[in-house]
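1. would you be able to build a 3D model of this:
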Amino acid sequence: MSNHVAVDIGGTFTDLVSIDAQTGAIEVAKTLSTPPAFGTGVANALAMLDEPSVEAFVHGTTVVINALTERKGTTTALITTQGFRDILEIQRANRPDLFNLMYEKPTPYVSRELRLEVPERTSSDGKILEAVDLDCVVERVQEALSLGAESIALSFLHSYVNGANEQAAKEVIEQRWPRLPVSVSSEISGEWREYPRTSTAVLDAYVKPTVRDYLRNLETALDAFDVPGEQRFLMQSSGGAVPFALGARTPISLVESGPVGAVTGAAFVGGELGEANVISLDIGGTTAKAALVEEIDGELSVPVIEEYYIDRSPITAGFPIRVPCVDIVEIGAGGGSIAWIDDAGALHVGPRSAGADPGPACYGKGGTEPTLTDANLITGRLDAERFLGGDMQLRTDLARKSIQPIANHLGVTIEDAAIGIIRLANNKMVQLLRLVSIRRGKDPREFALIASGGNGSLHATALARELQIPRVVVPRHPGHFSAWGMLVSNMRQDTQTTFVASLDESFDQQSFSTAWSELEQRLRDRFGGDPADLTFQAAVDMRYLGQEHTVRMPVHREHPSSTIDLADLVTRFGERHEKLFAFSQESATEIITLRLTGTRERPQPPQTTLPTRSAIQASAPRTREVHFDDFGAVETPVVDRDALVAEQILTGPVIVQEQATTTVVYPDQVLEVTASGSMIIRRKAN
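-> I've put the predicted structure just below:
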């Protein structure tokens, strides 16, 4: 027997999903994450498999985002064009909130003494005005190494249009110091905007040695399980898989490697169920993440943005990263979120988390602060004896002890304090869903909510009631859904180039087609192998003449040399602009950037269906008292998800338990099981 295996590392748990390549049988495992040696958690999860024969392996990792947010990367030097060393200080002079008096300018990841200049110059149209001084490059690297640098970022002015000087500098560095990690801005981003491109190169260099060491250790662990070397993949932030070697080459593309699996999985499940639009909601132990997935050209399309920010908040601009990234909004609200009282006496939940160690108080591992998990246990929503399928016993007495101080402060019972904690957490999650829907002009009542993560289905039904979302979909194994989503993802590579051209009689169709051909060849070189199995998706960034920002427009091309109906493109742009911003205008229009995405399908494991009622013997449900907010405490049936069958209907209230999560169905809701095994929860008909 051989398996397709995916492992996702979260802040609290490491999740594994294994699907039998022949039968489609699914095996899951969950173990505590092991920071900082996360590879140990991966090995621990693999060791839990009943049959550890692995045919293909896909991995989502938090190593990059953790190294950036915790500033635990490598001492990095920036080598740049003479006169431009302070670009990391100047930035773009943007402030996320213009009137916030608490604004703080972010501290660059490279200190000024490690920002070094070399003579070179490329014009904005790509002409080499001054070849890079290679002797000076060597001197600057020697200076950087003497100051403790262990990684080099190269970012020269206008290298996006001609990277010859950067390539020459890279080659001399690699010849002299073959083991020194070097990140080159023109290799990572082919777009203009000097600061975002430089920031991306710096952050890539900052995490490259950390990722290299992590993957080296992980490769050793995978060797012990005989995982084929050519079938080891990493999830990129774009939602596509990439071989280990390519991921290590540009590790900044892995910045949101873990969470994107839930979004790709949501698009797959939504398409399977015939949903036109879905909201992916992934609630884990530390954070809650949401993304909007809408139907484009007849199929659900994972939303991808080209610029991602690290450490961005109302009081700091953060740092831009120019890599394709699934458009995910994230907040600090999860099962491990700590409830606390501020100096004014108000109750809060999160963003600080108890994490995996010591974890919530009810884990019995030394944690004493009250968390959302403790509150869910006290209200009866979690089963102390069957948490993680019975692998972990929860301590209700410790949960009550942790929440007692909050109850005393508020002058209420422990149960009421627990309900208050849940309501506050739910309110934060409602605001998260508003951010990705209402704040973007989308009506959540027109979407289905796909809940995943260890705590997703525990809270999703309450959120749906608040926002009048008509359907909550709980896929199979929601506590491992991000890992499952990785198994249904394809290989993906993205490339782009700045191509400024007015869409009028001066438009150069030949240059336009040549640029597309170059992008396509670049992707073919990256993929290697048989080019016939590659598919491409093209898009252009457009704007009205004089505007600063652009609108992404899909371009339908049969071949790079094929012409494009410019009149149709301008018309569709105007319609799209009006839909987004409520206006369009009769003005000159221009193209700014060409974008090309290449995909190669990976072998997909087979999908199974549930048996019907006639094929399984139903067992009598257990009951326990569960508190349902405004409905109060209700004696509630508790059923095991493994006992559910296709087309089965359960009327709320009901609690559905499985190995890694619990689904709460309110008294005014009804649950229906699909043939594929998903649970769909709706409001009862009046």
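
2. from here on, contacts and neighbour counts on C-alpha atoms
-> Fine.

3. what residue ranges in the chain score low on pLDDT?
-> Scanning the chain for pLDDT under 70 picks out 1-2, 11-12, 52, 297, 356, 557-563, 613-620, 686.

4. and the gap between Leu116 and Val132?
-> Leu116 sits 14 Å away from Val132, going by C-alpha to C-alpha, to the nearest Å.

5. for Met679, same thing?
-> 61 Å.

6. who has more neighbours out of these two?
-> Met679 (26 against 22; other C-alpha atoms under 10 Å).

7. okay, and the beta partners of the more buried one?
-> Taking DSSP bridges as the rule, Met679 bridges to Val474, Val673.

8. what sits against Ser237?
-> Counting by C-alpha atoms under 8 Å, 6 or more residues apart in numbering, Ser237 touches 253-257, 260, 323-326.

9. max pairwise distance over those residues: which two?
-> Val260 and Val323 (13.9 Å; C-alpha to C-alpha).

10. between the two, which is the more surrounded one?
-> Neighbour count, other C-alpha under 10 Å: between Val260 and Val323, Val260 has more, with 29 against 25.

11. so how far is Leu281 from the more buried one?
-> Val260 is 11 Å from Leu281, by C-alpha to C-alpha.

12. tell me which stretches of the stretch 251-400 of the chain form strands.
-> With DSSP state E, counting those that start in this stretch, the ranges of strands along the stretch 251-400 of the chain come out as 277-283, 288-296, 299-301, 304-305, 308-310, 319-321, 325-326, 329-331, 337-341, 347-353.

13. dump those into TSV; add mean neighbour count as well.
-> TSV is the format used below for these (neighbours: other C-alpha atoms under 10 Å):
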stretch	mean neighbour count
strand 277-283	28
strand 288-296	23
strand 299-301	19
strand 304-305	16
strand 308-310	17
strand 319-321	23
strand 325-326	26
strand 329-331	16
strand 337-341	24
strand 347-353	20
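
14. out of those, which comes closest to Ser482?
-> strand 277-283 (8.2 Å).

15. give me the contacts around the closest one.
-> Strand 277-283 is contacted from outside by 259, 262-263, 266-267, 270, 288-295, 300, 333-335, 446-456, 460, using C-alpha under 8 Å, 6+ apart.

16. what's the domain layout of the protein?
-> The record's domain parsing of the chain by automatic domain parsing lists 3-68+212-254, 72-210, 491-600, 613-683.

17. show me how far the longest one is from its chain's centre.
-> Same thing as domain 72-210. Distance, stretch centre to chain centre, for domain 72-210: 26 Å (C-alpha atoms, centre = their mean, to the nearest Å).

18. go on, the last one?
-> On the basis of C-alpha atoms, centre = their mean, the separation between the geometric centre of domain 613-683 and that of its chain is 30 Å.

19. which positions in the longest helix along the chain come out as buried?
-> Using DSSP state H to define each element, the chain has its longest helix at helix 194-224. By 16 or more other C-alpha atoms under 10 Å, the buried positions in helix 194-224 come out as 194-212, 214-215, 217-219, 221-222.

20. number of nearby residues for the closest residue to Tyr544 other than its chain neighbours?
-> Counting by C-alpha to C-alpha, 6 or more residues apart in numbering, the nearest residue to Tyr544 once its immediate chain neighbours are dropped is Thr589, at 4.5 Å. Each residue near Thr589 was counted by other C-alpha under 10 Å, and the total is 21.

21. list the contacts for Thr589?
-> By C-alpha under 8 Å, 6+ apart, the contact list for Thr589 reads 502-503, 542-545, 570.

22. now it: how far from Leu566?
-> Thr589 is 10 Å from Leu566, by C-alpha to C-alpha.

23. anything in contact with each of the two?
-> Leu503.

24. thinking again about what came up before, next, the residue nearest to Tyr544: phi, psi?
-> phi -120, psi 140 (degrees, to the nearest 10).

25. repeat that for Pro243.
-> phi -60, psi 150.

26. now do Lys30
-> Dihedral angles (degrees, to the nearest 10) for Lys30: phi -140, psi 130.

27. and the closest residue to it other than its chain neighbours, how far from Ala660?
-> Nearest residue to Lys30 in three dimensions, chain neighbours excluded: Asp15, at 4.7 Å (C-alpha to C-alpha, 6+ apart). Distance, Asp15 to Ala660, by C-alpha to C-alpha: 9 Å.

28. of these two, who's got more company?
-> Asp15 (30 against 21).

29. what pairs with that one across the strands?
-> Asp8, Lys30.

30. so who does it touch?
-> Counting by C-alpha under 8 Å, 6+ apart, Asp15 has contacts 7-9, 28-31, 45, 479-480, 483.

31. make TSV out of those and add distance to Arg92 and neighbour count.
-> Below are these laid out as TSV (distance: C-alpha to C-alpha, whole Å; neighbours: other C-alpha atoms under 10 Å):
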residue	distance to Arg92	neighbour count
Val7	38	31
Asp8	35	29
Ile9	34	29
Val28	46	23
Ala29	45	21
Lys30	43	25
Thr31	43	20
Ala45	44	21
Gly479	40	32
His480	40	29
Ala483	37	33
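
32. closest to Thr368 among those?
-> Each of the contacts of Asp15 was scored against Thr368 by C-alpha to C-alpha, and Thr31 proved nearest at 21.5 Å.

33. mutual contacts of Asp15 and Ala660, please.
-> By C-alpha under 8 Å, 6+ apart, Asp15 and Ala660 have these common neighbours: 30, 479-480.

34. ok, of those residues, which one's closest to Phe244?
-> Distances from Phe244 to these, taken by C-alpha to C-alpha, are shortest for His480, at 22.0 Å.

35. one step back: adding distance to Gly390, write the domains of the chain out as TSV.
-> Below are the domains of the chain laid out as TSV (distance: least, C-alpha to C-alpha, whole Å):
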stretch	distance to Gly390
domain 3-68+212-254	12
domain 72-210	36
domain 491-600	37
domain 613-683	8
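
36. deepest of these, which one?
-> domain 3-68+212-254 (a mean of 21; mean count of other C-alpha atoms under 10 Å).

37. now do the same end-to-end measure for that domain.
-> End-to-end distance for domain 3-68+212-254, by C-alpha to C-alpha: 24 Å.

38. please apply the same query to stretch 624-639.
-> With C-alpha to C-alpha, one end of stretch 624-639 sits 11 Å from the other.

39. now swap in stretch 271-290 and tell me
-> 18 Å.

40. now stretch 282-294
-> Taking C-alpha to C-alpha, the first and last residues of stretch 282-294 lie 17 Å apart.

41. just stretch 328-340 next, same as before
-> By C-alpha to C-alpha, one end of stretch 328-340 lies 27 Å from the other end.

42. what's the distance between it and the middle of its chain?
-> Centroid separation for stretch 328-340 versus its chain: 16 Å, with C-alpha atoms, centre = their mean.

43. and what of stretch 413-429?
-> Centre-to-centre, stretch 413-429 and its host chain are 27 Å apart (C-alpha atoms, centre = their mean).

44. contact partners of it?
-> For stretch 413-429, contacts defined as C-alpha under 8 Å, 6+ apart pick out 288, 333, 339, 347-349, 372, 374-376, 378-379, 400, 403-404, 406-407, 410, 459, 462-463, 627, 629.

45. list the buried ones in that stretch?
-> Using 16+ other C-alpha under 10 Å as the test for burial, stretch 413-429 gives 414-426, 428-429.
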